[in-house]
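Q: what would the 3D arrangement of this be:
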Amino acid sequence: MKKPYLKSIEYIRGLAMLGVVAIHTGSQYLLNPTPNIHLVALFEIVSRFSVPIFFFISAFGLFYRMNLAEPFDYGKFLRRRFKAVLIPYLIWSTLYIVHDNWFNGWQLFPEADYAAEIYFFGLAKYHLYFLVILIWFYLLMPLWIYLVKRMTPTRLILLLAAQIVFDCWSSYCVGTTENLFMKWRLNWLVLHYVFIFILGGVLGVHSQKFFAWCSEQKKFVGATFLITLTILLGWFYLLIYVRNYSPLDAVNTAHQLSPPGIFYTIAASIFFFTLFQFGKFPAPIRKLLSLLGKNSYFVYLAHPFAIHYLAIGLGKLGLIMTAPNALIFYVVTIAVTLGVKVSFQKFSLKVPR
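A: Next up, the predicted model:
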């Protein structure tokens, strides 16, 4: 029996896309030697749920629609997922490689060995590593099915503990290395996000119980979200004002793989599911959330182009990335990429087939 479509997943996808663009806008804003710390916190800390929540909703959607009692057609699964992820990844990676090399006056396409490194580790642009990790999650799908089927609350807690230990080791203990697999471990190693993926899978399998619990525990879910956000922000401000970290160093310390970041991600995933599943929004807000969600994939893939040329435009106008300019930069980046996608859709409808 086909399960009903979940608008909440669509809305979360759009929200996560907004968070990803905020993080990359924040990277531009951090070029300002004296940034507004509170705006940095908004761009770079509040939005830190964005990448892992994508893995959460991906797993939730997969397992929500899956019948675990039936045999898993691995070949069919890979064909469908690779069509949706691998092909766009290869196309957009190639676009960024050629564009950036052309723009910088370099050789249009790198040598074979370096090109292989770029494609394997998602180095063509700073945001494409997400698709590499997602591809690895898809390749290992039989393992995740095996784990989800056997997951208990106790095992889930143990997995969370192991996740915290591993992420701390990877984030804070591994030094500089020449080994490519370790050097680029954050770009491909699914172990950094196994817990949030498995959690999404488990909740997707038990979606009815999960939704019933969310409906009954709205206040608890909201309070947990606010507490974990406060702790993560508190750590960021402590690093800035007490330990005298630079804004960039503070951002690179209080990230989504830190212990507070992991708990914030979990709380945000459940909170936004609860909010969008049971919250009542005016029609214009629902329309906007749906528009963002349906077009989030393109905006995610294309927004570095907008950031690149908007930054050039700012430079030619002699403007620096002040707080107001950064906010305008963020809105325009989303508006431009979203506008391109919507315009293309409208144009394609008018083209005779």
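
Q: only C-alpha atoms from now on, for both contacts and neighbour counts.
A: OK.

Q: low pLDDT regions in the chain?
A: 1, 349, 351-353 (pLDDT under 70).

Q: at the geometric centre of it, which residue do we find?
A: The centre of the chain sits closest to V51, judged by CA atoms, centre = their mean, with a distance of 2.0 Å.

Q: keeping just the C-alphas, turn the host helix or strand of that one into PDB.
A: Assigned by DSSP states H and E, V51 belongs to helix 50-65. What follows is helix 50-65, C-alpha atoms only, in PDB (Å, rounded to 0.1, in the frame of the first residue of the first chain):
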ATOM      1  CA  SER A  50      21.500  21.900   7.300                       C
ATOM      2  CA  VAL A  51      23.900  19.300   5.900                       C
ATOM      3  CA  PRO A  52      23.100  16.400   8.300                       C
ATOM      4  CA  ILE A  53      19.400  17.000   8.200                       C
ATOM      5  CA  PHE A  54      19.600  16.300   4.500                       C
ATOM      6  CA  PHE A  55      20.900  12.800   5.400                       C
ATOM      7  CA  PHE A  56      18.100  12.400   8.000                       C
ATOM      8  CA  ILE A  57      15.300  13.200   5.600                       C
ATOM      9  CA  SER A  58      16.900  11.100   2.800                       C
ATOM     10  CA  ALA A  59      17.000   8.100   5.000                       C
ATOM     11  CA  PHE A  60      13.500   8.800   6.400                       C
ATOM     12  CA  GLY A  61      12.000   9.100   2.900                       C
ATOM     13  CA  LEU A  62      13.800   5.900   1.800                       C
ATOM     14  CA  PHE A  63      12.600   3.700   4.700                       C
ATOM     15  CA  TYR A  64       9.200   5.400   4.900                       C
ATOM     16  CA  ARG A  65       8.400   4.100   1.400                       C
END
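
Q: buried ones in it?
A: The neighbour-count check on helix 50-65 (16 or more other CA atoms under 10 Å) flags 50-61, 63-64 as buried.

Q: relative to the whole chain's centre, how far out is that helix?
A: 11 Å (CA atoms, centre = their mean, to the nearest Å).

Q: what's the local residue count around F281?
A: Neighbourhood size, F281 [other CA atoms under 10 Å]: 12.

Q: tell me the secondary structure for it?
A: Following DSSP: H, G, I helix; E, B strand; the rest coil, the label given to F281 is coil.

Q: still on that earlier bit, beyond the helix holding V51, next helix or strand please.
A: Downstream of helix 50-65, the next assigned helix or strand under DSSP H and E is helix 74-84.

Q: residues contacting F273?
A: F273 sits next to S8, I9, I12 when contact means CA atoms under 8 Å, 6 or more residues apart in numbering.

Q: nearest to L68 among these?
A: Distance to L68, by CA to CA, is smallest for I9 among the contacts of F273, at 20.8 Å.

Q: OK, contacts around the closest residue to that closest one other than its chain neighbours?
A: Nearest residue to I9, sequence neighbours excluded (CA to CA, 6 or more residues apart in numbering): I57, at 6.4 Å. I57 sits next to I9, I12, R13, G200 when contact means CA under 8 Å, 6+ apart.

Q: same for the helix or strand hosting the second one, what does it pack against?
A: When you say that, I think you mean I12. Secondary structure assignment for I12, by DSSP H and E: helix 7-29. Here helix 7-29 touches helix 37-44, helix 50-65, helix 259-278, helix 283-294, helix 296-316, helix 323-350, going by 3 or more CA pairs under 8 Å, 6 or more residues apart in numbering; DSSP states H and E.

Q: tilt between the second one and helix 7-29?
A: Yep, that's helix 50-65 we're talking about. 160 degrees (axes from the mean of the first three to the mean of the last three CA atoms, to 10 degrees).

Q: what of the last one?
A: With the same axes, to 10 degrees defining the directions, helix 323-350 sits at 130 degrees from helix 7-29.

Q: buried ones in helix 323-350?
A: Quick answer for helix 323-350 (16+ other CA under 10 Å): A323, A326, L327, F329, Y330, V332, T333, I334, V336, T337, L338, K341.

Q: cool, and the shortest one?
A: In terms of neighbour count (16+ other CA under 10 Å), helix 37-44 has its buried residues at L39, V40, A41, L42, F43, E44.
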